[in-house]
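Peer 1: Next come a sequence and a model predicted from it.
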Amino acid sequence: MKDILKPIIVLTSICLIVTAFLAYINTVTSPIITAAEQKNAENARMEVLPQAKTFQKLDIKDLPENVLEVFRGDNDSGYVIIVQSKGYGGNIKLICGIKNDGSIENIKTLSHSETKGIGSKVTDNDSGYRDNYFNKTSDDYNSVDAISGATISSKAYKKAVGLAFAAFDKAKGV
């Protein structure tokens, strides 16, 4: 009986000590991680709408389903909209800066799960694909061509941009 209980007690004690240590580490690092995430989000907003110095989060009812957040830039600079759309490999999450005149200032991919080398051509912030959307409006963004071999990813990117325009239309009235 002793041979059975001793390993159980030792392993249970080790598990409890490790769990307590991990819980402590989590309480110490959680505020640091949250602050870093907020700083990264603020930097992304500044990148897609550089004319604004501060942003106000808007609470808008009846936004399209995959619109995650909408922010208004100060000094009538425009709006920043975070959207996601289902691509080939998973969700593509974008942040779009739309000027008050309704044209796209900038777009940045926040996260994606697209196939490396194919679908990621659409989502790569340095690929040049996103540049095709700069200064486009809700009337002409559909004219951007898909990347050959990455049609599903291209359509998802375009759908996300369309969702951003739909959110922009609702945000203008708030």
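Peer 2: Right, received. Where do you want to start? Remember, predicted model here, so these are calculated numbers, not experimental data. Numbers count the residues shown, from 1 in each chain.
Peer 1: Give me the distance between residue 163 and residue 83.
Peer 2: 4 Å (Cβ to Cβ, to the nearest Å). To be clear about C-beta, it is placed using only N, CA and C from the backbone, and glycine gets the same treatment.
Peer 1: In contact with residue 106, which residues?
Peer 2: Residue 106 sits next to 47, 48, 49, 50, 96, 97, 134 when contact means Cβ atoms under 8 Å, 6 or more residues apart in numbering.
Peer 1: Take these and keep only those in strands.
Peer 2: 96, 97 (DSSP state E).
Peer 1: Now render the contacts of residue 106 as CSV, adding pLDDT.
Peer 2: Shown next, in CSV, are these (pLDDT from 0 to 100):
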residue, pLDDT
47, 90
48, 91
49, 93
50, 92
96, 94
97, 94
134, 90
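Peer 1: Quick check on the contacts of residue 106: which are buried?
Peer 2: Neighbour-count burial within the contacts of residue 106 applies to 47, 48, 49, 96, 97; the criterion is 16 or more other Cβ atoms under 10 Å.
Peer 1: Quick check: the two most widely separated of the residues you listed?
Peer 2: Largest separation among those by Cβ to Cβ: 47 and 96, giving 11.3 Å.
Peer 1: Doesn't residue 56 lie inside a strand?
Peer 2: Yes: assessed by DSSP: H, G, I helix; E, B strand; the rest coil, residue 56 belongs to a strand.
Peer 1: Dig out what it forms beta bridges with.
Peer 2: Beta-bridge pairing for residue 56 (DSSP bridges): residue 72.
Peer 1: Name the next helix or strand following the helix-or-strand element of the chain with minimal mean pLDDT along the chain.
Peer 2: Lowest by mean pLDDT, DSSP states H and E among the helices and strands of the chain is helix 120-123, with a mean of 72. Heading C-terminal from helix 120-123, the first helix or strand you meet, by DSSP states H and E, is helix 151-172.
Peer 1: which parts of that following helix are buried?
Peer 2: So, applying 16+ other Cβ under 10 Å, buried residues of helix 151-172: 152-168, 170-171.
Peer 1: Run through this protein and note the low-pLDDT ranges.
Peer 2: 118-119, 121, 125, 174 (pLDDT under 70).
Peer 1: Does residue 79 belong to a helix, a strand or coil?
Peer 2: strand.
Peer 1: what's the answer for the one 3 residues further on, then?
Peer 2: When classified by three-state DSSP, residue 82 comes out as strand.
Peer 1: Check residue 106 too.
Peer 2: Strictly by three-state DSSP, residue 106 counts as strand.
Peer 1: Please report the distance of it from residue 36.
Peer 2: From residue 106 to residue 36 the distance is 22 Å (Cβ to Cβ).
Peer 1: From residue 11, how far off is residue 54?
Peer 2: Residue 54 is 53 Å from residue 11, by Cβ to Cβ.
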